[in-house]
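> Sequence first, predicted model second:
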Amino acid sequence: MVRTKLISMKILHILAVIMASISSSEGFSASNIKAEWTTPKKEGDKVPQVTFKTRARIEDPGNPNPFDWKDRTTDDLFKGKRVVLFALPGAFTPTCSSTHLPGYEKAYGDMKNLGVDEVYCLSVNDAFVMRQWGLSQGLEEDKTPGSWGFKKVKLVPDGACAFTRGMGMSNVWSSERGFGERSWRYSMVVDDGIIEKMFIEGPVIQNSGPDPYEVSDAETMLTYLKGAKKEEL
């Protein structure tokens, strides 16, 4: 009798742990997300100060993975530069791979001619995934020691979601796709750390079923840059 009671208590304890785990998982997708992580920044705001964990190329002939860790800060990416950044839900995903990244890679030269210093593609993925995605996309590698990837569009790993949260662009896909926390799709022009222009896909919905892709594309960005260039003349 005592043994049966002990077994029953253990079963109840295991069930309680399982239920707590489920509750915790559900809570992450709702109550544990801070409001500022999902409140997008506006034009005129500063981009968040974070540190990106990147991989920098080193001189090591014969090494199939000639890279070492290098911290790069927000200032490294944006200070004293006018840059275009577009963010997307994930490397290797369909729209991101078939249209979003290829469009900006193709438009890179035109954007440079319109007064842009760099073009960044940001995703909540680690540096290893981002490099392999770039290679699979046929992006030309920059093999100069110290470089951090590719010659045209630079792939920015926001693995810990720090920049995405700071931008207010965090989105948790739980029952939809099972991505977990990623970036909502958007693009922007940043001038010396200040957001000059933003294009945010809408409506912004947590765990969204649809994946809107209408305003963060390269053509929309080119249209804006051309208009801004004319105003300067």
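It's in.
> how close does the closest residue to E232 other than its chain neighbours sit to V50?
Excluding its sequence neighbours, the residue lying closest to E232 (C-beta to C-beta, 6 or more residues apart in numbering) is G115, at 8.0 Å. (Each C-beta comes from the backbone N, C-alpha and C, glycine too.) G115 sits 25 Å away from V50, going by C-beta to C-beta, to the nearest Å.
> and P61, how many residues sit next to it?
For P61, the count of nearby residues is 5 (other C-beta atoms under 10 Å).
> Let me see the ranges of the helices in this protein.
Ranges of helices within the chain are 2-28, 74-78, 94-95, 101-113, 127-136, 162-166, 218-232, based on DSSP state H.
> and those helices, which one is worst for confidence?
Note on the helices of the chain: helix 2-28 shows the lowest mean pLDDT, a mean of 38.
> OK, contacts around the spatially most central residue of the chain?
By C-alpha atoms, centre = their mean, the chain has its centre lying nearest to S123, at 2.2 Å. Contact partners of S123, counting by C-beta atoms under 8 Å, 6 or more residues apart in numbering, are 87-91, 96, 130, 155-158, 182-183.
> repeat for G80
D192.
> and if you look at the one 5 residues further on?
Counting by C-beta under 8 Å, 6+ apart, L85 makes contact with V119, Y120, C121, L122, V156, S187, M188, V190.
> Surely A107 is in contact with T220?
No: using C-beta atoms under 8 Å as the test, A107 is too far from T220 to be in contact (10.5 Å).
> Give me the more crowded residue out of these two.
A107 (22 against 14).
> Not counting its neighbours along the chain, what's nearest that one?
A218 (4.2 Å).
> returning to what we had before: which one of the contacts of L85 is nearest D71?
V156 (13.0 Å; C-beta to C-beta).
> In the sheet, which residues pair with the closest one? Tell me.
Counting by DSSP bridges, V156 forms beta bridges with L122.
> and it, how many residues sit next to it?
V156: 21 neighbours (other C-beta under 10 Å).
> Now P48. Its backbone dihedrals?
Dihedral pair for P48: phi -70, psi 150, per degrees, to the nearest 10.
> Please report the distance of M198 from P157.
For M198, the distance to P157 (C-beta to C-beta) stands at 22 Å.
> Neighbours of the closest residue to P66 other than its chain neighbours, how many?
Nearest in space to P66, with sequence neighbours left out and distances taken as C-beta to C-beta, 6+ apart, is D60 at 4.5 Å. Neighbours of D60 under the rule other C-beta under 10 Å: 12.
> my read: D60 touches K143, true?
No: counting by C-beta under 8 Å, K143 is not a contact partner of D60; they are 11.6 Å apart.
> I'd like the distance between P61 and L155.
The value you get for P61 to L155, if C-beta to C-beta is used, is 24 Å.
> whoops, E105 was the one
10 Å.
> go on, M221?
M221 is 17 Å from L155, by C-beta to C-beta.
> what about these two, which has more around it?
M221 (26 against 23).
> so that one sits right up against S187, yeah?
Yes: taking C-beta under 8 Å as the definition, M221 is a contact partner of S187 at 5.6 Å.
> Residues in contact with both of the two, list them for me.
Counting by C-beta under 8 Å, 6+ apart, the shared contacts of M221 and S187 are V84, F86, F199.
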